[in-house]
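>>> Sequence plus the predicted model coming up.
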Amino acid sequence: MRILMVNKFGYLRGGTERYLFCLSELLTKAGNTVEFYFMQHQQNPPQTYAQYFPPQLEFRRPDNLTAAWRLVWNRRAAQGLARVLDEFQPDIVHLHNIRYHLSASITRLLRDRHIPTVQTLHDYGSICPAHHLFRAGEVCKRCPRYGLWAAPLSRCMFGSVLRSGLGALAEGWDRWGGYTADAVGAFICPSRFLLKKLAADGMSHLVYLPHFVSIPAELAKGDGDYILYLGRLDCEKGADLLLQALQHLHAIRVMIAGTGEMETELRKMATDLGLAKRVDFLGLVGDAEVAELLNHCLMLVFPSRVYENAPLAIYEALAAGVPVIASSPGGAAELVGNCGVTFPAGDVRALAAAIGDLLQSPQLRAKFGSRGRQRAMTEWTAEKHLSGLMAIYRQVIQSKG
């Protein structure tokens, strides 16, 4: 099968791109031909059709009104994609994150050409212009409840009326034209939580398919003296909550792997709280170092303030046999299930209590770790994911025939 993967970013930027590249490798090994369509960027690896990629756009700082409009409707993205479709002739197009950069201009093209198309939904962008249902430090439900006009009034995107208005306009334009809704034959939801949220908002053609994860050869040793945080250092991810919880705990260290806008603030916070000697900021870490950190940590803590979808860090931890503490509700808590502990999002004392309970019970950590690894080996294997995805591909192709 000839498969065209489409995403706005073509380099390893976050969980979406990690999944995209791992999936493409999996599909290629299974005998399929995979090509890509991204924005131009200096960090992109060489690609067959790079000459047709549209110029890079920055949502936070559009250079002028023309660049701002391209975030709503990017004609150059559609023109470049048309050339790729003509030359590559894919059997199916697999969309990932396209909003505000490639725009709905490309889904109108796919719709008009009747090309079989699926989209993996990595966030809540279909119902929230800010993508994560988060504003002013807490979960936000304004746009699903009141409509897209709530976005600029709330300044939910970077605190800016302009950027929030652009986001709402882009989503409203797509909904008005029905471009993405009509083009996509299956919206793939990696979590049931996401699927239910979107279904409640009226979306159709939703299908559940969890991500996949590599299973380490051996169970994690768990012989270190630290808790692990693995993820972006942004407000919605809640690393500051972990530092606050650490005040209520004694003689335990925290390893923080990741970078983000809050890194400087978090370092200062650790110092101000007298925790500097107990907190190590590791910055960005590679796959090998992540595996080593997971192998020796006592637990992974995922204290997000938002409704997560399907965090890869939790997949990796459970596959390694590492117990997880995650916030609830959301896709993170769904993943953890009975393989760890959940706590109400934002509740520092509940988080501290959960960590303390696990620290005091090696037997409980071992039980959770064993359950998580078994679940990964049963539900999240590459083979099972590939089988499910190919079935979705075939169904969508047949529906277009």
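Done, it's in. Residues are numbered from 1 along each chain as shown.
>>> For the stretch 151-300 of the chain, which segments are assigned as helices?
Applying DSSP state H, counting those that start in this stretch to the stretch 151-300 of the chain gives helices spanning 161-177, 179-183, 192-200, 239-246, 263-272, 287-296.
>>> okay, these, which one's buried deepest?
Ranked by average neighbour count under the criterion mean count of other Cβ atoms under 10 Å, the helices of the stretch 151-300 of the chain are headed by helix 239-246 at a mean of 23. Yep, even glycine has a C-beta here, placed from its N, CA and C like the rest.
>>> Without its sequence neighbours, what residue ends up closest to Ile188?
Using Cβ to Cβ, 6 or more residues apart in numbering and skipping the chain neighbours, the partner closest in space to Ile188 is Thr120 (4.5 Å).
>>> so where is the protein shaky, pLDDT-wise?
Low-confidence regions of the chain, defined by pLDDT under 70, span residues 59-67.
>>> Specify the residue ranges that define each domain of it.
The record's domain split for the chain, according to automatic domain parsing, is 2-212+381-400, 226-379.
>>> So for the shortest one, first residue to last residue, what's the gap.
So the one you mean is domain 226-379. From its first residue to its last, domain 226-379 covers 28 Å (Cα to Cα, to the nearest Å).
>>> ditto for the first one
For domain 2-212+381-400, the first and last residues are 16 Å from each other (Cα to Cα).
>>> just how off-centre is that domain within its chain?
Put simply, domain 2-212+381-400 sits 12 Å off its chain's centre (Cα atoms, centre = their mean, to the nearest Å).
>>> Check the shortest one too.
Taking the mean of its C-alpha atoms, domain 226-379 sits 17 Å from the chain's own mean (Cα atoms, centre = their mean).
>>> Grab the nearest non-local neighbour of Ala30.
Leaving aside its sequence neighbours, Ala30 sits nearest to Leu386 (Cβ to Cβ, 6+ apart; 6.0 Å).
>>> tell me the SS of that neighbour?
The assignment at Leu386 comes out as helix when based on DSSP: H, G, I helix; E, B strand; the rest coil.
>>> which residues does it contact?
26-27, 30, 212 (Cβ atoms under 8 Å, 6 or more residues apart in numbering).
>>> Going through those residues, which ones are buried?
With burial judged by 16 or more other Cβ atoms under 10 Å, the buried subset of the contacts of Leu386 is 26-27, 212.
>>> Now render these as JSON lines, adding distance to Cys235.
As requested, the buried ones among the contacts of Leu386 are exported to JSON lines (distance: Cβ to Cβ, whole Å):
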{"residue": "Leu26", "distance to Cys235": "33"}
{"residue": "Leu27", "distance to Cys235": "35"}
{"residue": "Phe212", "distance to Cys235": "29"}
